[in-house]
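Asks: please work out how this folds:
(4 chains)
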2 protein chains.
Amino acid sequence: MAARPTSKTSESSDKVSVICRALRRAIIEQALEPGAKLPEDSLGERFGVSRTIARHALGQLAAEGLVELRRNRIAVVATPSWQEARDAFDIRIQLEGLVVRQLAGKLTKAQIAELNAHVDAEDGARGGTDAVSIRLATEFHILLAQMTNSPILVRYVSEVAYRCCLTLSLYSRPHSTECAINEHRAIISTLAKGDETKVMELMHHHLDSVANRALVAPTPQRGRDLLDILAPYADEVTGDRVVKLPKVARRG
Amino acid sequence: MAARPTSKTSESSDKVSVICRALRRAIIEQALEPGAKLPEDSLGERFGVSRTIARHALGQLAAEGLVELRRNRIAVVATPSWQEARDAFDIRIQLEGLVVRQLAGKLTKAQIAELNAHVDAEDGARGGTDAVSIRLATEFHILLAQMTNSPILVRYVSEVAYRCCLTLSLYSRPHSTECAINEHRAIISTLAKGDETKVMELMHHHLDSVANRALVAPTPQRGRDLLDILAPYADEVTGDRVVKLPKVARRG
DNA sequence: AGGCATCAAACTGCATGCAATTGGAGCGCT
DNA sequence: AGCGCTCCAATTGCATGCAGTTTGATGCCT
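Replies: Numbering: from 1, shown residues only, chains lettered A, B, ... in the order given. Predicted coordinates:
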């Protein structure tokens, strides 16, 4: 009865897809921090597959923006700049606005129940780690997107939501998830009432405040961002490579 | 001076990327129609690389939604359903609204000149084939996106625009590009004037009318769509595979 | 001590080879 | 003829192997 994801975002059940899912999850749960190295060998060994497969998986994740791939270099978990993060949230707002617009007043009772159950789960996880809370919150949005039955929308919302997770782990302070949960509930009930413009407004505000809670300030420079800031300058010199710095500690 | 794509959409200049670009172009110029088969061997042979590379490239294009990959089956150029096409256009409208909103009143003279030059090129290509016109029109939108200097926005706009190209070749009639060109000019000048709301309105209207010109009707069934229509039913039976049909001619 | 050249280990880029699956031609049965 | 079965060529899924590049550690020179 419920719309089943008949077409999973271009991935079946290859070994590649399995690895992608595993890594994706590890990344959004911050088991793998931004900047973490992902050597093909190690991945292959860890997942019991050849380097070929690990490599392919990294390619897919790079296409999603979760991983950065540079020629002849070890792949790393993506480290979006502050500006990119802000852009991602802007896109996300538009996309999810589309989602709730399509969904307003069109949800079945079962779907509403499913959404409420999910938020209950979010609620129940409040005692746990931030990582889990963030994952659940993100999955709420993806669940919503899936209910539109639009594979494309699902894909883009998922991708951009994952990217936002990355961001959260980079720039966010310990942060509070309570209000987010309440906002989720409000969205569900307004969706059920079918008030299209109101729910769009709610979603917009919700995401905007999540973004603002996370991206507190232009973060002059924090941690490894320094390297990112220098990259464009180096671009003019070598085209790709950061000029050798005196001795900035590269963690990892 | 102009903002250069310092970060290409996750692809450097590997052989993989070269093949991706080539195929992408072939697809949007309709040299490869939706449904066309893309065997790894042939691609590898044609581009002078091994199957490994061809395969990897197909994976990337599948992630972009231009190619459909099904386990143990030959990859084919994607055949979006009518509904998917409509969804793609909806997303595109939102995304490009974001683009012009960011750009309004912020373009340099050089950039405006670049845009005008591009539209001149579109104009000059009116005598040529539809495929070239479509490609140029698409590239106009991508050019616009690039000027935002937001890699993420560039990526999504590009992807969704390419998908829309696919759609055009599936559902569109011979069609007229003239008005589109005029609309492009109007967008540029309004962008230059800095009228944010007006340009968003223009872009919205422009894309909407392109979509409507293309997606004339819900197209009950046309050509190979019949197979697509049956797919979900087959899903319940075999999980993936379309039940054997009597004898519908599969072109290709 | 501090900086620079040198070199080996680590890692990526890619091709090739082998097993497993698919699709379709050919053949026999009804 | 129409339908199903068998078998083979075509094709994918994956691992392995080799060559080229990067990393960073060691040792030499100032």
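
Asks: residues in contact with the closest residue to DNA strand C within the stretch 1-150 of chain A?
Replies: DNA strand C sits closest to residue A:40 of the stretch 1-150 of chain A, with a gap of 3.4 Å, by CB to the nearest atom of the strand. All C-beta spots, glycine's among them, are computed from the backbone N, C-alpha and C. Neighbour list for residue A:40: A:51, A:54-55, A:58, A:75 [criterion: CB atoms under 8 Å, 6 or more residues apart in numbering or on different chains].

Asks: one more: residue A:90?
Replies: For residue A:90, the contacting residues are residue B:98, by CB under 8 Å, 6+ apart.

Asks: rerun that using 10 Å as the cut-off
Replies: A:160, A:207-208, A:211, B:95, B:98, B:101-102, B:150, B:152-153 (CB atoms under 10 Å, 6 or more residues apart in numbering or on different chains).

Asks: can you tell me the element residue A:161 falls in?
Replies: Secondary structure assigned from DSSP states H and E places residue A:161 in helix A:151-171.

Asks: after that helix, which helix or strand is next?
Replies: helix A:178-193.

Asks: and the helix or strand following that following helix with helix A:151-171, angle?
Replies: Next helix or strand after helix A:178-193 toward the C-terminus (DSSP H and E): helix A:196-214. Put simply, helix A:196-214 runs at 30 degrees to helix A:151-171, going by axes from the mean of the first three to the mean of the last three CA atoms, to 10 degrees.

Asks: let's see helix A:196-214 as PDB, backbone CA atoms only.
Replies: Output of helix A:196-214 as PDB, limited to C-alpha atoms (Å, rounded to 0.1, in the frame of the first residue of the first chain):
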ATOM      1  CA  GLU A 196      -0.100  24.400   1.500                       C
ATOM      2  CA  THR A 197       1.300  27.900   2.000                       C
ATOM      3  CA  LYS A 198       1.500  27.500   5.800                       C
ATOM      4  CA  VAL A 199       3.500  24.300   5.600                       C
ATOM      5  CA  MET A 200       5.900  25.700   3.000                       C
ATOM      6  CA  GLU A 201       6.400  28.600   5.400                       C
ATOM      7  CA  LEU A 202       7.000  26.200   8.300                       C
ATOM      8  CA  MET A 203       9.400  24.100   6.300                       C
ATOM      9  CA  HIS A 204      11.300  27.100   5.200                       C
ATOM     10  CA  HIS A 205      11.500  28.500   8.700                       C
ATOM     11  CA  HIS A 206      12.500  25.100  10.100                       C
ATOM     12  CA  LEU A 207      15.400  24.600   7.700                       C
ATOM     13  CA  ASP A 208      16.500  28.200   7.900                       C
ATOM     14  CA  SER A 209      16.700  27.900  11.700                       C
ATOM     15  CA  VAL A 210      18.600  24.600  11.500                       C
ATOM     16  CA  ALA A 211      21.000  26.300   9.100                       C
ATOM     17  CA  ASN A 212      21.400  29.300  11.400                       C
ATOM     18  CA  ARG A 213      21.900  27.200  14.500                       C
ATOM     19  CA  ALA A 214      24.600  25.400  12.600                       C
END
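
Asks: in that helix, what's buried?
Replies: A:196, A:198-200, A:202-203, A:206-207, A:210-211, A:213-214 (16 or more other CB atoms under 10 Å in any protein chain shown).

Asks: helices of the stretch 1-150 of chain A, start to end?
Replies: A:15-28, A:40-47, A:51-64, A:82-103, A:109-124, A:130-146 (DSSP state H, counting those that start in this stretch).

Asks: right, and those helices - which one's nearest residue B:88?
Replies: helix A:82-103 (11.5 Å; CB to CB).

Asks: which one is residue A:137 nearest to, not counting chain neighbours?
Replies: For residue A:137, ignoring the flanking residues on the chain, the nearest one in space by CB to CB, 6 or more residues apart in numbering or on different chains is residue A:180 at 5.6 Å.

Asks: tell me if I'm right that the one you found and residue A:168 touch.
Replies: No - using CB atoms under 10 Å, residue A:180 is not in contact with residue A:168; the gap is 11.1 Å.

Asks: which neighbours do these two share?
Replies: Common neighbours of residue A:180 and residue A:168, counting by CB under 10 Å, 6+ apart, are A:134, A:137, A:210, A:213.

Asks: for stretch A:161-180, list every residue counted as buried.
Replies: For stretch A:161-180, the neighbour count (16+ other CB under 10 Å) marks A:161-172, A:177, A:180 as buried.

Asks: which among the shared contacts of residue A:180 and residue A:168 gets closest to residue B:142?
Replies: Residue B:142 has its nearest neighbour among the shared contacts of residue A:180 and residue A:168 in residue A:210, at 29.3 Å by CB to CB.

Asks: kindly write the ChimeraX command that selects the buried subset of the contacts of residue A:40.
Replies: Buried residues within these, by 16+ other CB under 10 Å, are selected in ChimeraX with:
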select /A:54,55,58,75
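
Asks: so which of the contacts of residue A:40 reach chain B?
Replies: By CB under 10 Å from any CB of the partner chain, the members of those lying near chain B are residue A:55.

Asks: quick check: domain ranges of chain A?
Replies: Chain A breaks down into these domains under automatic domain parsing: A:15-79, A:82-214, A:223-252.

Asks: using CSV, please lay out these together with mean pLDDT and distance to residue B:128.
Replies: Below are these laid out as CSV (pLDDT from 0 to 100; distance: least, CB to CB, whole Å):
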stretch, mean pLDDT, distance to residue B:128
domain A:15-79, 95, 32
domain A:82-214, 92, 30
domain A:223-252, 41, 35
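
Asks: which positions in chain A make contact with DNA strand C?
Replies: For chain A, the residues in contact with DNA strand C (CB under 7 Å from any atom of the strand) are A:38-42, A:51-52, A:55, A:69, A:71-75.

Asks: residue B:82: which of the residues you listed is nearest?
Replies: Closest approach between those and residue B:82, by CB to CB: residue A:69, at 35.2 Å.

Asks: my read is that residue A:160 contacts residue A:99, right?
Replies: No - the pair residue A:160 / residue A:99 is not scored as a contact, 11.5 Å apart, by CB under 10 Å.

Asks: overlap of the contact sets of the two?
Replies: The contact lists of residue A:160 and residue A:99 share residue A:141, where a contact means CB under 10 Å, 6+ apart.

Asks: up against DNA strand D, what does chain A have?
Replies: Taking CB under 7 Å from any atom of the strand as the contact definition, chain A meets DNA strand D at A:14-16, A:48-53, A:72-73.

Asks: of these, keep whichever come out buried.
Replies: Buried among the residues of chain A next to DNA strand D by 16+ other CB under 10 Å: A:14-16, A:49, A:53.

Asks: which residues does residue A:75 bridge with?
Replies: residue A:38 (DSSP bridges).

Asks: list the contacts of it.
Replies: With CB under 10 Å, 6+ apart, residue A:75 has these contacts: A:36-40, A:43, A:54-55, A:57-59, A:61-62, A:67-69.

Asks: still on that earlier bit, out of the contacts of residue A:40, who's nearest DNA strand D?
Replies: Nearest to DNA strand D among the contacts of residue A:40, with distances taken as CB to the nearest atom of the strand, is residue A:51, at 4.8 Å.

Asks: any chance of JSON lines for the contacts of residue A:90, columns distance to residue B:117?
Replies: JSON lines is the format used below for these (distance: CB to CB, whole Å):
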{"residue": "A:160", "distance to residue B:117": "32"}
{"residue": "A:207", "distance to residue B:117": "37"}
{"residue": "A:208", "distance to residue B:117": "37"}
{"residue": "A:211", "distance to residue B:117": "36"}
{"residue": "B:95", "distance to residue B:117": "24"}
{"residue": "B:98", "distance to residue B:117": "24"}
{"residue": "B:101", "distance to residue B:117": "23"}
{"residue": "B:102", "distance to residue B:117": "21"}
{"residue": "B:150", "distance to residue B:117": "22"}
{"residue": "B:152", "distance to residue B:117": "26"}
{"residue": "B:153", "distance to residue B:117": "22"}
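
Asks: centroid residue for chain A?
Replies: Note on chain A: the residue nearest the mean C-alpha position is residue A:162, at 1.0 Å, using CA atoms, centre = their mean.
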